[in-house]
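A.B. asks: fold the following and give me the result.
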Amino acid sequence: MTAKKHYDIAIIGGGIGGLMTAYRLCEKAPKLSVCILEKGHDIGKRVCPIVTKKTESCVHCASCAIMEGMAGAGAFSDGKYVISTEYGGWLTDFLPASTVINYIEQADSILVNFGATTERFMPDNELKKLCLQHDLHMSQAQLKHLGTDSNFDTMCRMIDSLRNKCDIITDTEVTDVDTKSSTIFYKQRSTEDSLTAENIVFAVGRAGSRFFSRWCTDHNIPLTNNQVDIGVRVELPSIIWEHFSKKIYEPKIWYRSKGYGDITRMFCFNERGHVVTENTDGVLTVNGHSFREEERKTSNSNFALLTTIRFTQPFKYPIEYARHVASLANLISGGSVLVQRLGDLEIGRRTDEKRLGQSTTIPTLKAVAGDLSLCLPKRQIDNIVETLHALDKIAPGTANYDTLLYGVECKYYSARPECKNFRLNGFDNIYAIGDGAGFTRSLSQAAANGLYVADLLANKSKQY
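C.D. replies: Numbering: from 1, shown residues only. Below you'll find the model as predicted:
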């Protein structure tokens, strides 16, 4: 679709936050003209060659179908929907916890209307107690597992419902926003153009966080960010963690290492899932998916195990640091990601193809057998190994020799701009929401953030 020249509201980014913003505006203020500008493909054209088994490794598509496109990175995620403020973002820094939960529930109702499951996993104090007995600390929440496949179908239906209510403009990269004229400059394939909008919402997601940070810096908007998580994706037989996953689905556990006092977190658990590759601005990292359909499940489960790094002055570029570490793994693997057996890592030996072929844990991702100690800093490796042995006490078999470690996995926490009620400081008509602005780190809170800002904009429109 070709954009008009002027809109009441322009949303930059078609992830869950941007979609919820558009949905609520079309619902509460249907007379407003609304557009979504999305860098990636429309949802029906988001096809990853690895997922469709046309190739075994990343071929560096111009637009990564896993990370970019309508419905955002969440379209192909495991589809965990966290109904809690205990984790999943920082909206409670801005809003009362009761307000955040209310908007999370509103967003859930919308997703259910488009086919999302109503099944919820509930907290389990007996499992929490088991963790505490071994100095492990488990966060708890009501949790829904939407599933990679079912979540994608839900997003398709939601986007289809918006097509006749607002303009959805895909394969369109926003290159700049002029604050004085409220002009959005963009590139659509090889053509450069622009449009204006009364109000602008940055909903760029993690894939757009670097662009957003640069834009804020260029416009003298102070940013806060000193944290990054770096580590591995762990893969092992699903039976090892079934006593957790069957009850709560996702064991979200953190551990403070005795060696360094650092926090290492186990999260993003995918029961009987797949390890996958992601391409973020040319840097390959790993993640995990899990399907609801029985025939698409595997015999393995996987989870992220990342250690948190908080930088102090004068260093200001934690995202670039994480990208550098991940790019070392890409360099060593010849343009791919690495996989290593835990036992090989612990004895200081590289995993090669022969040793990987002897593994009793069969990898679900075609990665390059190698040595993670050549790219991950020693401190992070020490934290990861120590944490795996701590987890082994509550789920024996976690620290087996053949447990597979894929690297590198990173979680970037986008720089947070100074704002008031999500309106950027110094600007009356420019807002930011979601993971790309450092306010959230989950589907549920990003969705809630979008609904909340949409309500602000709907009410604002009534004043004119």
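
A.B. asks: in the stretch 151-300 of the chain, which spans are strands?
C.D. replies: Applying DSSP state E, counting those that start in this stretch to the stretch 151-300 of the chain gives strands spanning 167-169, 172-178, 183-188, 191-202, 223-224, 227-237, 252-256, 263-270, 274-280, 283-289, 300-310.

A.B. asks: make JSON lines out of these and add mean neighbour count.
C.D. replies: (Each C-beta comes from the backbone N, C-alpha and C, glycine too.) Formatted as JSON lines, the strands of the stretch 151-300 of the chain follow (neighbours: other Cβ atoms under 10 Å):
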{"stretch": "strand 167-169", "mean neighbour count": "21"}
{"stretch": "strand 172-178", "mean neighbour count": "18"}
{"stretch": "strand 183-188", "mean neighbour count": "17"}
{"stretch": "strand 191-202", "mean neighbour count": "19"}
{"stretch": "strand 223-224", "mean neighbour count": "13"}
{"stretch": "strand 227-237", "mean neighbour count": "24"}
{"stretch": "strand 252-256", "mean neighbour count": "21"}
{"stretch": "strand 263-270", "mean neighbour count": "24"}
{"stretch": "strand 274-280", "mean neighbour count": "23"}
{"stretch": "strand 283-289", "mean neighbour count": "24"}
{"stretch": "strand 300-310", "mean neighbour count": "23"}
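
A.B. asks: where among those is the average confidence lowest?
C.D. replies: For those, mean pLDDT drops lowest on strand 223-224, to a mean of 87.

A.B. asks: show me what that strand packs onto, helices and strands only.
C.D. replies: helix 209-218, strand 416-417 (3 or more Cβ pairs under 8 Å, 6 or more residues apart in numbering; DSSP states H and E).

A.B. asks: circling back: in JSON lines, list the strands of the stretch 151-300 of the chain along with distance to Gly370.
C.D. replies: Converted to JSON lines, those look like this (distance: least, Cβ to Cβ, whole Å):
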{"stretch": "strand 167-169", "distance to Gly370": "41"}
{"stretch": "strand 172-178", "distance to Gly370": "34"}
{"stretch": "strand 183-188", "distance to Gly370": "37"}
{"stretch": "strand 191-202", "distance to Gly370": "38"}
{"stretch": "strand 223-224", "distance to Gly370": "35"}
{"stretch": "strand 227-237", "distance to Gly370": "12"}
{"stretch": "strand 252-256", "distance to Gly370": "26"}
{"stretch": "strand 263-270", "distance to Gly370": "22"}
{"stretch": "strand 274-280", "distance to Gly370": "15"}
{"stretch": "strand 283-289", "distance to Gly370": "13"}
{"stretch": "strand 300-310", "distance to Gly370": "18"}
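
A.B. asks: between the ones you listed, which gets nearest to Gln140?
C.D. replies: strand 252-256 (8.0 Å; Cβ to Cβ).

A.B. asks: partners of that closest one in the sheet?
C.D. replies: strand 137-139 (antiparallel), strand 263-270 (antiparallel) (DSSP bridges).

A.B. asks: what angle do it and strand 300-310 make?
C.D. replies: 50 degrees (axes from the mean of the first three to the mean of the last three Cα atoms, to 10 degrees).

A.B. asks: please name the bridge partners of Ser194.
C.D. replies: Phe185.

A.B. asks: look up how far Ala10 lies from it.
C.D. replies: Going from Ser194 to Ala10 by Cβ to Cβ, to the nearest Å gives 11 Å.

A.B. asks: my guess is Leu143 meets Ile248, correct?
C.D. replies: Yes. With contact defined as Cβ atoms under 8 Å, Leu143 counts as touching Ile248 (6.8 Å).

A.B. asks: ok, which stretches of the stretch 351-464 of the chain are strands?
C.D. replies: Using DSSP E, counting those that start in this stretch, strands in the stretch 351-464 of the chain cover 368-369, 404-412, 416-417, 419-420, 423-424, 430-432.

A.B. asks: all the helices of this structure, residue numbers only.
C.D. replies: Assigned by DSSP state H, the chain shows helices spanning 16-28, 97-113, 125-132, 148-162, 209-218, 242-248, 318-332, 342-346, 353-357, 378-391, 443-461.

A.B. asks: okay, now the unreliable bits of the stretch 351-464 of the chain?
C.D. replies: 463-464 (pLDDT under 70).

A.B. asks: Pro417: which of the strands of the stretch 151-300 of the chain is closest?
C.D. replies: strand 223-224 (5.7 Å).

A.B. asks: ok, Pro222 - contacts?
C.D. replies: By Cβ atoms under 8 Å, 6 or more residues apart in numbering, the contact set of Pro222 is Pro417, Glu418, Asn425.

A.B. asks: please disregard the earlier target; I meant Leu331.
C.D. replies: Cys375.

A.B. asks: measure it to Gly348 for me?
C.D. replies: 20 Å.

A.B. asks: nearest residue to Lys39 other than its sequence neighbours?
C.D. replies: Glu173 (4.7 Å; Cβ to Cβ, 6 or more residues apart in numbering).

A.B. asks: about what we covered before: tell me which of the helices of the chain sits most buried.
C.D. replies: helix 16-28 (a mean of 26; mean count of other Cβ atoms under 10 Å).

A.B. asks: contacts for it next, please.
C.D. replies: 9, 11-12, 32, 34, 36, 38, 70-72, 74, 107, 110, 155, 158-159, 161-162, 165-166, 201, 203, 205, 433-435, 440, 443, 446-451, 453-455, 457-458.

A.B. asks: check the closest residue to Tyr452 other than its chain neighbours and give its pLDDT.
C.D. replies: The shortest distance from Tyr452 to any non-neighbouring residue, by Cβ to Cβ, 6+ apart, is to Tyr103 (5.4 Å). Model confidence at Tyr103, expressed as pLDDT, equals 98.

A.B. asks: and Tyr103, what does it touch?
C.D. replies: Tyr103 neighbours (Cβ under 8 Å, 6+ apart): Ala447, Ala448, Asn449, Leu451, Tyr452.

A.B. asks: again, but for Leu457
C.D. replies: The contact partners of Leu457, taken as Cβ under 8 Å, 6+ apart, are Ile9, Thr21, Leu25, Ala29, Leu32, Asn199, Val201, Tyr431.

A.B. asks: any idea how far Ser414 is from it?
C.D. replies: Taking Cβ to Cβ, one finds Leu457 at 22 Å from Ser414.

A.B. asks: how close does the residue nearest to Thr224 when sequence neighbours are not counted sit to Ala437?
C.D. replies: Of all residues not flanking Thr224 in the chain, Arg416 sits nearest, at 4.9 Å (Cβ to Cβ, 6+ apart). Relative to Ala437, Arg416 is positioned 6 Å away (Cβ to Cβ).

A.B. asks: these two: which is more packed in?
C.D. replies: Neighbours were counted for Arg416 and for Ala437 using other Cβ atoms under 10 Å; Ala437 has more, 29 against 18.

A.B. asks: surely the more buried one is in contact with Phe212?
C.D. replies: Yes. With contact defined as Cβ under 8 Å, Ala437 reaches Phe212; the gap is 6.5 Å.
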